[in-house]
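K.L.:
My questions concern the predicted model and sequence given below.
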Amino acid sequence: MFGIGGGEFLTLGLLALILIGPDKLPQFSRDAAKFLNKIRAMANSATAELRENLGPGYEDLQVTDLHPKTFIKKHLNEALAEPAAEISEISKNAKIDPDLL
């Protein structure tokens with residue numbers, strides 16, 4: 001998770017224990033969890049507000065879809081999928097004349 005191994009987690013835990021102290025560590029952990037929950041709630045409400053303001057057609061919008069590279073890649077894939085579908089449909093219907101072989 002996050003590119004951190006077991007030894008690094010152990011080191012971070014030991015460092016937190018030394019810097020914060022064993023008596024304040026549980027309260028610090030609770031406060032950190034509350035802070036992360038507040039940040040997550042703010043991000044979710046901002047995403048919901050963005051979807052609401054954009055109007056219909058954007059119900060399935062993800063925040064990562066707004067990244068320029070992802071946005072361009074998504075629209076290019078949609079634009080290229082249509083001709084590819086037409087080509088596959090033509091190839092299904094195309095029949096080779098045995099006399100030409």
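P.N.:
It's in. Keep in mind it's a predicted model, so treat the numbers as computed, not measured.
K.L.:
counting contacts, what elements does the longest helix belonging to the chain pack onto?
P.N.:
Determined from DSSP state H, the single longest helix within the chain is helix 25-54. Secondary-structure packing of helix 25-54 (3 or more Cβ pairs under 8 Å, 6 or more residues apart in numbering; DSSP states H and E): helix 6-20. For every residue, glycine as well, the C-beta is placed using N, CA and C.
K.L.:
so E59, which of the three states?
P.N.:
coil (DSSP: H, G, I helix; E, B strand; the rest coil).
K.L.:
list the contacts for it?
P.N.:
Residues counted as contacts of E59 (Cβ atoms under 8 Å, 6 or more residues apart in numbering) are R51.
K.L.:
How about the secondary structure of the spatially most central residue of the chain?
P.N.:
The centre of the chain sits closest to T64, judged by Cα atoms, centre = their mean, with a distance of 5.3 Å. Classification of T64 using three-state DSSP returns helix.
K.L.:
Run a quick neighbour tally on the residue nearest to it when sequence neighbours are not counted.
P.N.:
Spatial nearest neighbour of T64, excluding adjacent residues (Cβ to Cβ, 6 or more residues apart in numbering): T70 at 5.9 Å. The tally of other residues near T70 (other Cβ atoms under 10 Å) stands at 13.
K.L.:
For T70, grab phi and psi.
P.N.:
phi -70, psi -40 (degrees, to the nearest 10).
K.L.:
Distance of L61 relative to L76?
P.N.:
18 Å (Cβ to Cβ, to the nearest Å).
K.L.:
between the two, who's got more neighbours?
P.N.:
Neighbour count, other Cβ under 10 Å: between L61 and L76, L61 has more, with 13 against 10.
K.L.:
That one and L54 touch, don't they?
P.N.:
Yes: the criterion here is Cβ atoms under 8 Å, and L61 meets it with L54 at 6.8 Å.
K.L.:
so who does I4 touch?
P.N.:
Counted by Cβ under 8 Å, 6+ apart, I4 has contacts L12.
K.L.:
what about it, distance to R30?
P.N.:
22 Å.
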